[in-house]
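> everything below, folded, please.
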Amino acid sequence: MIDAQKKTILITGGSKGLGLSYARALAKDHRVIITGRDAQRLAELEEEFGGAVHCLQCDVTDRVAVAACFASIADKFGHIDVVINNAGVWGPVDKFADIELDDWFEAININLLGLSYCTHEALKPMRVKKRGIIINIVSNAGVYRWPYCTSYSVTKAAVIKLTENLAVEMKRENISLYAYHPGLVHSTGMVTNLIDTITDSNSARGKALQWVYDEKDAGNTVDETQSLINIEKLCSGKYRSLSGLYLTVRDDLDLLLERKREIREGDLFMLRVNGLAV
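Next up is the predicted model:
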């Protein structure tokens, strides 16, 4: 780790997949708290971890439950130094015209509104303490178009823009926010969930999965260990100058620090429209 100082880190959606991988790794040096909706799963993890990771039931789409969860954490553990907003879902995978809108909105409730509730609650004590780090897990799907996965793509784009705005608002209060794309992780998490739901290779989900296989064959996927490296760095507090940026598993954060003036002057690593020079 870059900074040996022990921090209290909250990971939403941490009972499985990539969030759980992050929890296992970060718990070696920090106090880690994970949230999830499945009480039985959380109880099993509490027993497995033996106190190394603390588990709390919380549905991020329930605003009242989120407020109660953060209050409980404050009572039990004190200040939260880092929040990793990881909870998320694919949403419906099909042509927008053919999906059920209720399914589409469910993804918005989890990926965007749930993240917003958690961020809102996290900022309250962070502003009092004048310190904190929030890492929002996003995706290239929010930067580039991804047909057939519209709810996922749209929510991730919204989170990238939310991060950019809040970073400016919170700069004077010593709170850093990052939009982090962990890469197309083939070893755990949402990609493996997609594999488990494929029944027709010619369906929209089947085509999405084939794209994942093609990316893996081309060497464009990563495992959770690779994805973790920049998460650990962002948790350290060393990279405040990069607050508000869209960062990825492929980025050399130390190089970006060296070129931070160029990045700010060029408005780089942010969600922008490319137009013709006139």
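
> do a quick rundown of the helices in the stretch 151-278 of the chain.
Applying DSSP state H, counting those that start in this stretch to the stretch 151-278 of the chain gives helices spanning 190-196, 204-217, 224-235, 253-258, 260-265.

> need the winner for burial among those.
The highest average neighbour count among the helices of the stretch 151-278 of the chain, using mean count of other Cβ atoms under 10 Å, belongs to helix 224-235 at a mean of 20. For every residue, glycine as well, the C-beta is placed using N, CA and C.

> for that one, name the packing helices and strands.
Applying 3 or more Cβ pairs under 8 Å, 6 or more residues apart in numbering; DSSP states H and E, one finds that helix 224-235 makes contact with helix 17-26, strand 132-137, strand 175-181, strand 246-248, helix 253-258.

> next, the angle strand 175-181 makes with it.
160 degrees (axes from the mean of the first three to the mean of the last three Cα atoms, to 10 degrees).

> pLDDT of helix 224-235, averaged?
The pLDDT scores in helix 224-235 average 94.

> just to revisit the earlier point, mean pLDDT and distance to V212 added to the helices and strands packed on helix 224-235, as CSV?
Output for the helices and strands packed on helix 224-235, formatted as CSV (pLDDT from 0 to 100; distance: least, Cβ to Cβ, whole Å):
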stretch, mean pLDDT, distance to V212
helix 17-26, 95, 15
strand 132-137, 98, 18
strand 175-181, 98, 15
strand 246-248, 98, 17
helix 253-258, 98, 26
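
> now the ones you listed in TSV, with distance to Y213?
Conversion of the helices and strands packed on helix 224-235 to TSV gives the following (distance: least, Cβ to Cβ, whole Å):
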stretch	distance to Y213
helix 17-26	19
strand 132-137	23
strand 175-181	20
strand 246-248	21
helix 253-258	30
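
> between those, which one is closest to A68.
A68 lies closest to strand 132-137 among the helices and strands packed on helix 224-235, at 19.5 Å (Cβ to Cβ).
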